[in-house]
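J.: Output the structure for:
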Amino acid sequence: MQLEILGVAFQESDVYDIHCARCIGPLHFRNQWSQNHWVWAQAGSEKMYGALRGRLPAKLVALFKIRDYTCENTVRRVAAVQMLSAVNSGFPSDIHGLVTVQMSEDAREFMIVDVQTIDGLAHLIPEGER
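T.: Predicted structure coming up:
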């Protein structure tokens, strides 16, 4: 229900912060709305998606551990995410100077990604319905 993400502290090169991303699905958290945090997921190379540098925002839906008994009992940690897509190839808007992302209409509802591809928490500003 919680993923701890290690990130470099603001304006520091050798200090790290731990960010907690939560996903509790449709359940309520402390008698309030459910918490499915937005995170940054590595979705391509650094040259993809313009200013996003290969990362896309995704809603964290579920966390899993998968144990592979056929390969020395290895455990893989994966996450189910709902990935957004970049508008205008990830380049900032001429109007407000921000990168716009939106829910994909043709994409699958959920994707499974390795938790190591999740870089940190994403802070999004809603604009319209999408």
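
J.: who touches the residue nearest the centre of the chain in this structure?
T.: A centroid search over the chain (C-alpha atoms, centre = their mean) returns residue 39, at 2.8 Å, as the residue closest to the centre. For residue 39, the contacting residues are 3, 5, 21, 57-60, 81, 118-122, taking C-beta atoms under 8 Å, 6 or more residues apart in numbering as the criterion. All C-beta spots, glycine's among them, are computed from the backbone N, C-alpha and C.

J.: repeat for residue 57
T.: If a contact means C-beta under 8 Å, 6+ apart, then residue 57 has 38-41, 83-84, 101, 122, 124 as its contacts.

J.: Okay, and it sits in which element?
T.: Element membership of residue 57, judged by DSSP states H and E, is strand 55-68.

J.: Convert the C-alpha atoms of that strand to CSV, please.
T.: Presented in CSV, the C-alpha positions along strand 55-68 are these (Å, rounded to 0.1, in the frame of the first residue of the first chain):
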residue,chain,number,x,y,z
ARG,A,55,9.2,10.3,-17.9
LEU,A,56,5.5,10.4,-17.8
PRO,A,57,3.1,10.9,-14.9
ALA,A,58,1.2,7.8,-13.8
LYS,A,59,-1.4,7.1,-11.1
LEU,A,60,-0.2,4.4,-8.7
VAL,A,61,-3.0,1.9,-8.5
ALA,A,62,-1.5,-1.2,-6.8
LEU,A,63,1.8,-2.7,-5.6
PHE,A,64,2.7,-6.3,-6.0
LYS,A,65,5.5,-8.8,-5.2
ILE,A,66,5.9,-11.6,-7.7
ARG,A,67,8.0,-14.6,-6.6
ASP,A,68,9.6,-16.7,-9.3
